[in-house]
Structures are given as structure tokens and as C-alpha cells.
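Asker: could you look at this predicted model? Sequence included:
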Amino acid sequence: DTGVSQDPRHKITKRGQNVTFRCDPISEHNRLYWYRQTLGQGPEFLTYFQNEAQLEKSRLLSDRFSAERPKGSFSTLEIQRTEQGDSAMYLCASSFQGAPYEQYFGPGTRLTVT
Amino acid sequence: KQEVTQIPAALSVPEGENLVLNCSFTDSAIYNLQWFRQDPGKGLTSLLLIQSSQREQTSGRLNASLDKSSGRSTLYIAASQPGDSATYLCAVTNRDDKIIFGKGTRLHILP
């Protein structure tokens, strides 16, 4: 399968614990995006990378959140000291820089904080 | 700031009917507009992508139109089936490469 993959698909954690998610983009894509989707809402942009450089972070990304893409391939999103409000679907997407500006989405990681 | 609005928020129609989902956006400076399908608890499935220079795209029973100047798109579903029941999301790719999503239309096809 050559699509975007995410791991784990589901994560249940207790409030206050740290969690880390992984995204593997389509191999030729140099851009990688993270989005968050809460119940009843559309996904919202969190951050994106071009190669290994993190180019932009949304104000939604509090200081408890950190994302990395150390070698310009896979990316990790870590949430420290999780809160119940962090419960959401975390979606990863990848694309080429430039036209046709199409992002390909992974299946998402559903986080439940109890 | 780009805003994407989808109307209606929810829709129930009998099987076999044709239906239209609406999407509007406030900033016409977009690269493309995309319609996604999302089943409960699942990720996004891309249905149709319309580049900013295009007016419509078709795939099977689905047809999406784009009127960039008026900031509107429609998704037309012909001969609806129970398997079409899902949430349909409209999204635009802004010139800064970020995708802005609407909140979706929850579609229920009644058998």
C-alpha cells in the first residue's frame, strides 16, 4: 500500500499521560500536514512540514503539542499531559509542493482521553 | 480569513432520490475545492477535486460544480442508495496551501 499511513489507529489514555502518534506520508511527497477533528466539526489545520522544516503552527497547537519530521520522511505528533479536550481524530496528509496542490489523507488516529 | 459553510447540516431523503449538497466559501483565491466522504469514526475518503480553473468534475453518480466567482460549490448525488449515508465534507485549498473544511452535511438515505 503506497498511501498515507498512521499509527496507532486508536489510542485510549488517561488524563495527564503523554501520547505519540506517527504518520508515514507517500514516499515522494515533501510536504506533510497534521489536522485535528473534534466531534461534529470539520478537520482543522495544526501544523505542516516541508521536508524536515516545520513551516507553520496553528494557534490551536498549544505548548503541550510538539511535532517533528526529523529526516523529512515520517512525522510524529506528541501530546504531553493530555487533557479530555484533546480527545479527537488526528489526521495526517501529504502532498507535493506546488501544483496540483492536492493533499492525500491517512486514516487518522482516534484519541480518547479518559 | 477563509470560511467554508455547508448547508444543510443534516439531510434525510428516501432511497432513489437525487439530491444536492451545498458549500460556500468566502475567499475565491483558492487552488482547488474538494469533496470528501467520512463514515462515522473513520478517516476521509476523497470523492472529487475541482481545480480552480475547472467548473465541474464527475465520478459515477457524483457530480461536483464550482463557481469560484460566487464562492459556491454543489455536490449532486444521483439515484441515492443507503450506502451513500455518511457525512460529506467540503474543503478548499487556500493559496497558503492550507485546507479549510466546512463542518459537513450528515446524509441519511432512508431504505
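Answerer: Great, that's in hand.

Asker: the closest residue to chain A within chain B: neighbour count?
Answerer: Chain A sits closest to B:F101 of chain B, with a gap of 3.1 Å, by Cβ to the nearest Cβ. (Glycine included, C-beta is placed from N, CA and C.) By other Cβ atoms under 10 Å in any protein chain shown, 21 other residues sit near B:F101.

Asker: farthest residue from the center of chain A?
Answerer: Taking Cα atoms, centre = their mean, the residue of chain A most remote from its mean C-alpha position is A:A99, at 22.3 Å.

Asker: and that one, that's in a strand?
Answerer: No: using DSSP: H, G, I helix; E, B strand; the rest coil, the assignment for A:A99 is coil, not a strand.

Asker: quick one: contacts for residue 9?
Answerer: With no chain named, the answer covers chain A. A:R9 sits next to A:P107, A:G108, A:T109, A:R110 when contact means Cβ atoms under 8 Å, 6 or more residues apart in numbering or on different chains.

Asker: you answered for a different chain; I wanted chain B.
Answerer: Contacts of B:A9 were listed using Cβ under 8 Å, 6+ apart, and they are B:K103, B:G104, B:T105, B:R106.

Asker: mind listing the strands for chain A?
Answerer: Here chain A has its strands, by DSSP state E, at A:5-7, A:10-13, A:19-24, A:31-37, A:44-50, A:53-57, A:65-68, A:75-79, A:88-95, A:104-105, A:109-113.

Asker: which elements pack onto the second one?
Answerer: Taking 3 or more Cβ pairs under 8 Å, 6 or more residues apart in numbering or on different chains; DSSP states H and E as contact, the helices and strands that strand A:10-13 lies on are strand A:19-24, strand A:109-113.

Asker: what's the burial count for residue 74?
Answerer: Went with chain A since none was named. 16.

Asker: wrong chain, I was asking about chain B
Answerer: Quick note: B:T74 (other Cβ under 10 Å) scores 17 neighbours.

Asker: for B:S28, find the nearest of the helices and strands packed on strand A:10-13.
Answerer: strand A:19-24 (31.1 Å; Cβ to Cβ).

Asker: ok, that closest one: who's next to it in the sheet?
Answerer: Strand A:19-24 has the following sheet partners, assigned by DSSP bridges: strand A:5-7 (antiparallel), strand A:75-79 (antiparallel).

Asker: for the residue of chain B closest to chain A, give the beta-bridge partners.
Answerer: Going by DSSP bridges, B:F101 forms beta bridges with B:A91.

Asker: now A:S75
Answerer: Going by DSSP bridges, A:S75 forms beta bridges with A:C23.

Asker: please tell me how far it sits from A:G16.
Answerer: Using Cβ to Cβ, to the nearest Å, we find A:S75 at a distance of 24 Å from A:G16.

Asker: higher neighbour count, the two?
Answerer: A:S75 (26 against 10).

Asker: shouldn't the more buried one be in contact with A:Y90?
Answerer: No: assessed by Cβ atoms under 8 Å, A:S75 is found out of contact with A:Y90, at 11.2 Å.
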